[in-house]
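Chemist: need a 3D model of the sequence below.
(2 chains)
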There are 2 protein chains.
Amino acid sequence: MQNFNFHVPTKILFGREKVNEIGKEIKKYGSRVLLTYGGGSVKKIGLYDQVVNQLKENGISFFELSGIKPNPRVTSVRDGVEICRENAIDFILAIGGGSVIDASKAIAAAVNYDGDAWDFPMQKAKVKDPLPLGTVLTLAATGSEMNGNAVISNEETQEKRGMASNALRPKFSVLDPTYTFSVNKYHTAAGTVDIMSHIFENYFAPGNGTFVQDAIAESIMKTCLKYGPIALEEPENYEARANLLWAGSLALNGLTLTGKMMGDWATHGIEHEVSAIYDLTHGAGLAIIHPVWMQYVLTEKTAPKFAQMARNVWNIEEPEDMKAAEDGIKAVRAFFNSLEMPARLSDVDIPGDHFDAMAEKACYFGKIGSFKRLDPKDVYAILDKAL
Amino acid sequence: MQNFNFHVPTKILFGREKVNEIGKEIKKYGSRVLLTYGGGSVKKIGLYDQVVNQLKENGISFFELSGIKPNPRVTSVRDGVEICRENAIDFILAIGGGSVIDASKAIAAAVNYDGDAWDFPMQKAKVKDPLPLGTVLTLAATGSEMNGNAVISNEETQEKRGMASNALRPKFSVLDPTYTFSVNKYHTAAGTVDIMSHIFENYFAPGNGTFVQDAIAESIMKTCLKYGPIALEEPENYEARANLLWAGSLALNGLTLTGKMMGDWATHGIEHEVSAIYDLTHGAGLAIIHPVWMQYVLTEKTAPKFAQMARNVWNIEEPEDMKAAEDGIKAVRAFFNSLEMPARLSDVDIPGDHFDAMAEKACYFGKIGSFKRLDPKDVYAILDKAL
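Modeler: Numbering: from 1, shown residues only, chains lettered A, B, ... in the order given. Model (predicted):
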């Protein structure tokens, strides 16, 4: 087990009607709020009105940035920064899923920074004195509601890059499972894949002796296995939605990474290149690529960890590691298929035209991955196998 | 799953030599420290000198309260409060296990309070404006390093009572597994039982639909099962000590309680009455009482949860719930026996003389327990079966 720091001060307000506590929480930090959201769904489910009432009842002024799209654009971020500066905003409240939260973090980081918001994802600037933010989550997937990470896209350069800072962890996040009742089958499935993929990224990583962390990671995988299919079939099943929602936050708040030098994150890197160009739903892209990555990095050396997952999560009793590993990877693919997620890039009409460029861009800062280091040739091969 | 708040802002500094970061951390909060510890063991392992060097290097003044005993006395707490007031202390640094940390929390709570420190455990006062505190942990057991709880004893009245406030969560805790290398077999075993017992208290509790929390609880139990015996046989096995140490913090930081109305805590309540009079090591007392409590509260209604533990933690394949539950409870007893923990009160020379008084005092504030409500007659019966 490696040395680590673990510091997750985000306050979680979990359950029905917890949104009614946000006024009290926001007033600890500010009184002029930028409200960020995506399309009309937060209005359709009545959440927007509830939030606005809360703000008004608590005497909090607010301004709005709406229309934040999936794979959020740096152009939206720049718009948000401008609104914040013009209106002396002192708190950002994100209502939505990962895209809205991530865009809000990027805005929070850039408001008190002299340069351009794109400098953070490009690692040209470090986050300092960001605005405080809170979230009201509407999708079980991202983990962004309890961590300091954000992923932003640049349409001009067709790039999609991550940024991270502990200072960007939300002050609070409201997790009310009923807000996820209206999430459709496709996005419920993609969210479930996203949660599992976050677990995979930290589970299949170098190091050993992290029994308690890995057992917790396996618990979260099993939660997805159990409740993903139920949420698809019974969208208003509170128990299923609640377990997925809390699992999503625990999957990526740092807990399963404790004691490890680093996660792998090659699959996310590769998927980002695909969705930077094709605007594919993140979880659907991961469903295609993660099992291909697993098969690609499977060697005698990595087999024991895949076998561990196979036995502890998928109840595969095969005693031989390589065979168990292969069975485990097949089980992951079969599970994603059962959620009606795509299995190949061609299933979602993505051709091989840009694989060369994607592979180069994925390795823009050097080789990617830690479980197995990958260069552009490897990335190309993975994309090709995923076609 | 019940609504919940989860807010654990304690910063964990985990691993070898992490104590060298405490100066930086303390300076965020204060510059005049009360250093609290127990006997000579923190000096023997060199930890005291390391801490003092850190404080001196960072220009932090410090005063000392040593000699804090297991089952810490309110008299020690009062001594600490006096030192804090006389010397304008603005931060408390606890070096030790649960007793030292708990006493330090009670001091922190009482310094800015007008009445007596015993008012908090007696629920006559609420914690307000406590001093901030940090901890350097030397034993895998308590969980106190990451929560807001403390248990204090009163020799005069032969009472042992808990107090709790989120405001008492340590600002930081240093968890260096090497400090636990010198913990002897008996206390290593008692600490392992304590961790499992904390898990039991929140696992066997009313409510349902908490799959992810229960799976995480089972992960922590399995960690104790795996590494308790290894730590006993190989006291300097870093992996074993590290897993137990992190498991101990995760067992009682609130994570496994999320989504439940409340934990049970009857067993802790009963054990406190025993050790209030006989000064028994807490974990050894729990090893005696917890399996007896399990058997006592086992009914058709509670059997499924015991059966769940039996199957998921102890790999018991018995399909019938009541039978599986009984096998699971036997497995718990057998495991505690394998750690050479006592199984009966008579094993540690505790007679039945005070059972009446203990049963009354355990129910001082009313019935105890939530999985099954217990009155003094029940508590007496449990003590009697534990004799």
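
Chemist: average pLDDT for stretch A:14-26?
Modeler: The average pLDDT for stretch A:14-26 rounds to 98.

Chemist: what ranges does the stretch 101-250 of chain A have for its helices?
Modeler: For the stretch 101-250 of chain A, the helices defined by DSSP state H, counting those that start in this stretch cover A:185-203, A:211-233, A:238-251.

Chemist: point out the most buried one among those.
Modeler: helix A:238-251 (a mean of 27; mean count of other Cβ atoms under 10 Å in any protein chain shown). Backbone N, C-alpha and C define where each C-beta goes, glycine included.

Chemist: which other helices and strands contact that one?
Modeler: strand A:4-14, strand A:172-175, helix A:185-203, helix A:211-233, helix B:211-233 (3 or more Cβ pairs under 8 Å, 6 or more residues apart in numbering or on different chains; DSSP states H and E).

Chemist: how about 6 Å then?
Modeler: For helix A:238-251, the elements it packs on are helix A:185-203, helix A:211-233, helix B:211-233, judged by 3 or more Cβ pairs under 6 Å, 6 or more residues apart in numbering or on different chains; DSSP states H and E.

Chemist: if we can go back for a sec, can I get the helices of the stretch 101-250 of chain A in JSON lines with mean pLDDT and distance to residue B:31?
Modeler: Compiled in JSON lines, the helices of the stretch 101-250 of chain A are given as follows (pLDDT from 0 to 100; distance: least, Cβ to Cβ, whole Å):
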{"stretch": "helix A:185-203", "mean pLDDT": "98", "distance to residue B:31": "38"}
{"stretch": "helix A:211-233", "mean pLDDT": "98", "distance to residue B:31": "36"}
{"stretch": "helix A:238-251", "mean pLDDT": "98", "distance to residue B:31": "36"}
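
Chemist: flag every buried residue along stretch A:99-116.
Modeler: By neighbour count on 16 or more other Cβ atoms under 10 Å in any protein chain shown, the buried set for stretch A:99-116 is A:99-111, A:113.

Chemist: so who does the residue nearest to residue A:144 when sequence neighbours are not counted touch?
Modeler: Closest residue in space to residue A:144, ignoring its immediate chain neighbours: residue A:101 at 4.2 Å, by Cβ to Cβ, 6 or more residues apart in numbering or on different chains. Residues counted as contacts of residue A:101 (Cβ atoms under 6 Å, 6 or more residues apart in numbering or on different chains) are A:94, A:135, A:144.

Chemist: among those, pick out the one closest to residue B:365, please.
Modeler: residue A:135 (38.3 Å; Cβ to Cβ).

Chemist: that closest one bridge partners, please.
Modeler: residue A:94, residue A:173 (DSSP bridges).

Chemist: if I look at it, how far off is chain B?
Modeler: 14 Å (Cβ to the nearest Cβ, to the nearest Å).

Chemist: what do you get for residue A:73?
Modeler: Using Cβ to the nearest Cβ, residue A:73 is found at 32 Å from chain B.

Chemist: bridged to that residue, which residues?
Modeler: residue A:153.

Chemist: tally up the residues packed near it, please.
Modeler: Residues within reach of residue A:73, counting by other Cβ atoms under 10 Å in any protein chain shown, total 18.

Chemist: so how far is residue A:320 from the residue nearest the centre of chain A?
Modeler: When chain A is reduced to its mean C-alpha position, the closest residue under Cα atoms, centre = their mean turns out to be residue A:142, at 3.0 Å. The spacing between residue A:142 and residue A:320, counted by Cβ to Cβ, to the nearest Å, is 37 Å.

Chemist: so residue A:245 touches residue A:139, yeah?
Modeler: No - using Cβ atoms under 6 Å, residue A:245 makes no contact with residue A:139, being 8.7 Å away.

Chemist: test my guess that residue A:230 contacts residue A:236.
Modeler: No - using Cβ under 6 Å as the test, residue A:230 is too far from residue A:236 to be in contact (10.9 Å).

Chemist: how many residues are close by the residue lying closest to residue A:9 once chain neighbours are set aside?
Modeler: Leaving aside its sequence neighbours, residue A:9 sits nearest to residue B:9 (Cβ to Cβ, 6+ apart; 3.8 Å). By other Cβ under 10 Å, the residues close to residue B:9 number 15.

Chemist: and residue A:367, by the same measure?
Modeler: 15.

Chemist: what are the phi and psi angles of it?
Modeler: With angles defined as degrees, to the nearest 10, residue A:367 sits at phi -60, psi 150.

Chemist: got a list of what it touches?
Modeler: By Cβ under 6 Å, 6+ apart, the neighbours of residue A:367 are A:373, A:375.

Chemist: can we see that at 7 Å?
Modeler: Under the criterion of Cβ atoms under 7 Å, 6 or more residues apart in numbering or on different chains, the neighbours of residue A:367 are A:373, A:374, A:375.

Chemist: same thing with residue A:381?
Modeler: residue A:296.

Chemist: for the one helix or strand it maps to, which positions count as buried?
Modeler: If you go by DSSP states H and E, residue A:381 is part of helix A:376-386. Buried residues in helix A:376-386, counting neighbours by 16+ other Cβ under 10 Å, are found at A:376, A:378, A:379, A:380, A:382, A:383, A:386.
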